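Asks: below are the sequence and a predicted model for it; my questions follow.
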Amino acid sequence: MFEQFSIAFTGSGLLLALFVPLLLTLFLRIIGRGVPPACEVPGMPAGIGGLLLGLLFFLSVDAMLLLFELGRGAGEVARVISMDADFAWPAIKTIIPGAIVVFALLAAIMVLTIGRSRAALWTAVVLLWVAGPGGDFLKAVILGIPVDVSSGFAGISTFTILATIYLLFSNRSAFTYGLSSAKKIEKAYLAKRNLAS
């Protein structure tokens, strides 16, 4: 019903495919800059920028491609339903994993952009795992497609692991989302500044 496909872009299509995520990333940066970081210490990276902005760019590219695939799948579902309504549920079932993955990915992007708490960071990490390796397991459970760890699963898992490590251990995300390590540094800085005053 729902075969794998490749996207063949022309020159202008390729420019558009790069321009849309760049524009979305710029928009996310503008929104993210409007929300102050949870902890601020002069000289320490905080807020939307640096590698966090790069992560948002790659998530935007992935979201754009997944939305394209979901739209194509929804069109196929509509075509199947229009031919024979008896196949409505099996057809709809094919796009459920993709819809869950797209929702999780878009929610992770928004939480990373406007969230400024530890809960927001952990929510984003969980959503990234749902959108990443969780998507392959959803296909296995809902559609009965076996998980092939030698194909895309390995790349998705590697990206998810690297994104998780960055989000949990980088200085920028610690100060942006107010992790305990950043709060200790901020507390020490404020105590030192108050002593100097």
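Replies: Arrived safely. All of these numbers come straight from a predicted model, not from anything done at the bench. Numbers count the residues shown, from 1 in each chain.
Asks: switch to C-alpha atoms for all contacts and neighbour counts from now on
Replies: Will do.
Asks: all helices for the protein, in order.
Replies: Remark: helices assigned in the chain by DSSP state H are 11-33, 50-83, 88-93, 96-114, 118-131, 133-138, 152-169, 171-177, 180-196.
Asks: got the ones you listed as a markdown table, with mean neighbour count, distance to residue 44 and mean pLDDT columns?
Replies: As requested, the helices of the chain are exported to a markdown table (neighbours: other CA atoms under 10 Å; distance: least, CA to CA, whole Å; pLDDT from 0 to 100):
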| stretch | mean neighbour count | distance to residue 44 | mean pLDDT |
| --- | --- | --- | --- |
| helix 11-33 | 15 | 16 | 86 |
| helix 50-83 | 17 | 12 | 92 |
| helix 88-93 | 15 | 47 | 92 |
| helix 96-114 | 21 | 19 | 95 |
| helix 118-131 | 21 | 18 | 96 |
| helix 133-138 | 21 | 33 | 85 |
| helix 152-169 | 16 | 14 | 84 |
| helix 171-177 | 25 | 7 | 95 |
| helix 180-196 | 13 | 9 | 88 |
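Asks: can you list those in JSON lines and add distance to residue 146?
Replies: Output for the helices of the chain, formatted as JSON lines (distance: least, CA to CA, whole Å):
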{"stretch": "helix 11-33", "distance to residue 146": "31"}
{"stretch": "helix 50-83", "distance to residue 146": "20"}
{"stretch": "helix 88-93", "distance to residue 146": "16"}
{"stretch": "helix 96-114", "distance to residue 146": "14"}
{"stretch": "helix 118-131", "distance to residue 146": "17"}
{"stretch": "helix 133-138", "distance to residue 146": "8"}
{"stretch": "helix 152-169", "distance to residue 146": "11"}
{"stretch": "helix 171-177", "distance to residue 146": "35"}
{"stretch": "helix 180-196", "distance to residue 146": "40"}
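Asks: tell me the pLDDT of residue 148.
Replies: If you check residue 148, the pLDDT there is 70.
Asks: any idea how far residue 168 is from it?
Replies: Separation of residue 148 from residue 168 (CA to CA, to the nearest Å) stands at 28 Å.
Asks: circling back to that earlier point, residue 39 is nearest to which of the helices of the chain?
Replies: Nearest to residue 39, of all the helices of the chain, is helix 171-177, at 4.9 Å by CA to CA.
Asks: who's in contact with that closest one?
Replies: With CA atoms under 8 Å, 6 or more residues apart in numbering as the test, helix 171-177 has contacts from 36-40, 44-48, 52, 115-118, 120-121, 166-168, 179-183.
Asks: ok, 7 Å please
Replies: For helix 171-177, contacts defined as CA atoms under 7 Å, 6 or more residues apart in numbering pick out 37-40, 45-47, 116-118, 121, 167, 181-182.
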